[in-house]
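# Curious how this folds, go ahead:
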Amino acid sequence: MIKKIIRVLQVASAFIGTIVGAGFASGKEIVQFFTQYQDNGTLGAALSGIVITLAGTKMMIYARRIGAYSFNELVIHIFGDRLGTAIQALIFFVILGITGVMLAGAGAVFQEQLGWHRQIGIVLALAVGFLFLSKGIRGLLLINTLVVPMLAAFVLAVFLGRGMVPNAVWLPGNIRWVPAAVSYASFNILTALVVLVPLAKETEDESVLWFGGILGGAGLGLILILIHFLLLGSPESHGFEMPMAEIVRHFGPLIHAGFAAVVFGEILTTFIGNIFGLARQLRSTFPLISNIRTAMLILFAGAFLISQAGYGSLIRTLYPFFGILCVAIILYMLWIRLPKKGGGGR
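Okay, the predicted model is just below:
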């Protein structure tokens with residue numbers, strides 16, 4: 001029983017950690033997709049949390065029942081060979097773009113919060129990421145188990161320390177928060193499936209996936225809403241690359257430095273998860289790539305080049321574009337039925 005609980009917590013942590021990256025933990029993408037819509041964004045955050053929980057849990061179960069080893073197999077099974085191959089290519093470049101955003105976020109932490117050169121943060125993220133990736137799935141679960149509880153504790157402590165929930169400022173005529181919320185959920189969960197599918201393959205007990213997915217989705221939604229409330233009550237922070245770090249700065253240099261470290265850790269969870277999934281896709285597509293480490297180094301180089309564009313500009317341009325592309329795919333995944341246990345059929 002204890003082992004099962006631990007496994008559920010590991011799945012939940014991986015679920016959260018794969019989605020929570022630079023933009024989420026820093027608050028930048030939450031401003032972009034939710035807080036700019038005032039309290040309508042609260043509804044958007046709740047909607048996103050629900051979509052992420054339902055789609056993520058369902059697709060882990062789906063992948064487990066058909067015995068999918070990778071995200072590629074899941075997509076081919078659902079969409080067929082032609083469309084599935086096109087979707088694979090799309091998701092590969094989407095995730096590579098987001099991985100570049102993670103590295104840019106690492107640079108932003110060091111530049112804006114510590115006053116160091118941004119390239120130091122980028123190179124450090126590459127080095128630490130490679131160390132964890134060399135341990136395979138164990139390294140992925142380890143870093144998520146370490147970092148995710150720290151983020152949750154920090155956000156809850158800051159929220160309680162501020163001691164406020166913003167007054168409602170509902171904007172009934174504005175429905176732009178709806179597509180923003182759905183697109184945010186869509187690209188986040190679709191890219192997370194690159195990690196969640198192989199994780200499901202290695203989880204023998206299906207109930208662990210059910211409980212881990214629901215717990216992870218609920219935890220993610222709660223953290224999302226709390227950060228949104230903090231940002232809603234601190235509009236002066238919205239212009240910074242790391243809005244949450246500016247809020248935490250008021251609690252003193254020690255707490256601020258601790259939160260900057262947590263943001264850096266969350267950047268690593270998404271960066272490591274993305275490379276973990278992409279390396280397997282790259283190697284299966286190009287048999288000439290002899291081993292996983294070679295694939296990782298190729299992806300490191302691509303992500304490094306993308307990161308040079310700058311963190312804030314990448315969040316503003318890439319994320320909304322990715323979200324629009326991913327909405328139709330996720331809506332279809334929510335609509336289809338789960339295969340029967342042991343059936344493996346469509």
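# Would you mark the buried spots in the lengthiest helix in the chain?
In the chain, assigned by DSSP state H, the helix with the most residues is helix 253-285. Across helix 253-285, burial judged by 16 or more other C-beta atoms under 10 Å covers 255-256, 259-260, 262-283. Every residue, glycine included, has its C-beta placed from N, CA and C.
# What is the subsequent helix or strand relative to it?
helix 292-307 (DSSP states H and E).
# Quick one: distance of that following helix to the chain centre.
Its chain's C-alpha centre and that of helix 292-307 lie 19 Å apart, by C-alpha atoms, centre = their mean, to the nearest Å.
# how far away is Ser13 from Leu199?
Separation of Ser13 from Leu199 (C-beta to C-beta, to the nearest Å) stands at 11 Å.
# ok, now how distant is Leu325 from Leu140?
Leu325 is 26 Å from Leu140, by C-beta to C-beta.
# cool, and Ala108?
Relative to Leu140, and taking C-beta to C-beta, Ala108 is found at 24 Å.
# repeat for Leu196
11 Å.
# For the two, list the residues in contact with both.
Applying C-beta atoms under 8 Å, 6 or more residues apart in numbering, one finds that Leu196 and Leu140 are jointly contacted by Ala14.
# So which of those two has more stuff around it?
Leu196 (30 against 25; other C-beta atoms under 10 Å).
# I figured that one hits Thr18, correct?
Yes: using C-beta atoms under 8 Å, Leu196 is in contact with Thr18, at 6.8 Å.
# What helices and strands are in contact with the helix or strand hosting Phe92?
Phe92 is part of helix 81-108 when elements are defined by DSSP H and E. When contacts are defined as 3 or more C-beta pairs under 8 Å, 6 or more residues apart in numbering; DSSP states H and E, helix 81-108 packs onto helix 22-26, helix 71-79, helix 118-133, helix 177-201, helix 253-285, helix 292-307, helix 311-335.
# ok now do the nearest residue to Leu131 once chain neighbours are set aside, which residues does it touch?
Once flanking residues are discounted, Leu131 sits nearest to Gly139: 7.7 Å by C-beta to C-beta, 6 or more residues apart in numbering. Residues near Gly139 by C-beta under 8 Å, 6+ apart: 131-133, 272.
# can we see that at 10 Å?
Gly139 sits next to 129-133, 272, 276 when contact means C-beta atoms under 10 Å, 6 or more residues apart in numbering.
# which stretch of helix or strand covers it?
helix 137-162.
# got it, and Ala218?
helix 206-232.
# Could I get the buried residue list for that helix?
208-232.
# And stretch 11-25, by the same measure?
For stretch 11-25, by 16+ other C-beta under 10 Å, it's 11-25.
# out of the residues you listed, who's nearest Gln88?
Thr18 (18.2 Å; C-beta to C-beta).
# Please, which helix or strand holds the closest one?
Assigned by DSSP H and E, Thr18 falls in helix 2-19.
# Quick one: mean pLDDT over that helix.
Throughout helix 2-19, pLDDT has a mean value of 88.
# Helix 253-285 and that one, what's the angle between them?
Using axes from the mean of the first three to the mean of the last three C-alpha atoms, to 10 degrees, the inter-axis angle of helix 2-19 relative to helix 253-285 is 90 degrees.
# Helix 2-19 packs against which elements?
helix 40-66, helix 137-162, helix 177-201, helix 206-232, helix 253-285 (3 or more C-beta pairs under 10 Å, 6 or more residues apart in numbering; DSSP states H and E).
# which one of those helices lies closest to Gln119?
That would be helix 253-285 among the helices and strands packed on helix 2-19, by C-beta to C-beta, at 14.5 Å.
# Report the distance from the closest one to the chain centre.
With C-alpha atoms, centre = their mean, you get 9 Å for helix 253-285.
# mean confidence for that helix?
pLDDT averaged over helix 253-285 gives 83.
# how much does that helix deviate in direction from helix 177-201?
70 degrees.
# What is the nearest of the buried residues of stretch 11-25 to Phe92?
Of the buried residues of stretch 11-25, the one sitting nearest to Phe92 (C-beta to C-beta) turns out to be Thr18, at 16.1 Å.
# okay but the closest one is in contact with Ala192, surely?
Yes: with contacts counted by C-beta atoms under 10 Å, Thr18 reaches Ala192, the gap being 4.4 Å.
# intersection of neighbour lists for these two?
56, 199, 216, 220, 270, 273-274, 277.
# In those, find the pair that's most separated.
Leu220 and Gly277 (18.4 Å).
# Which strands or helices does the helix holding Ala218 pack on?
Short answer (3+ C-beta pairs under 10 Å, 6+ apart): helix 206-232 packs on helix 2-19, helix 22-26, helix 28-33, helix 40-66, helix 137-162, helix 177-201, helix 243-248.
# Let me have those helices in CSV, extended by distance to Ile120.
Listed next are the helices and strands packed on helix 206-232 as CSV, based on distance: least, C-beta to C-beta, whole Å:
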stretch, distance to Ile120
helix 2-19, 23
helix 22-26, 16
helix 28-33, 20
helix 40-66, 33
helix 137-162, 20
helix 177-201, 27
helix 243-248, 17
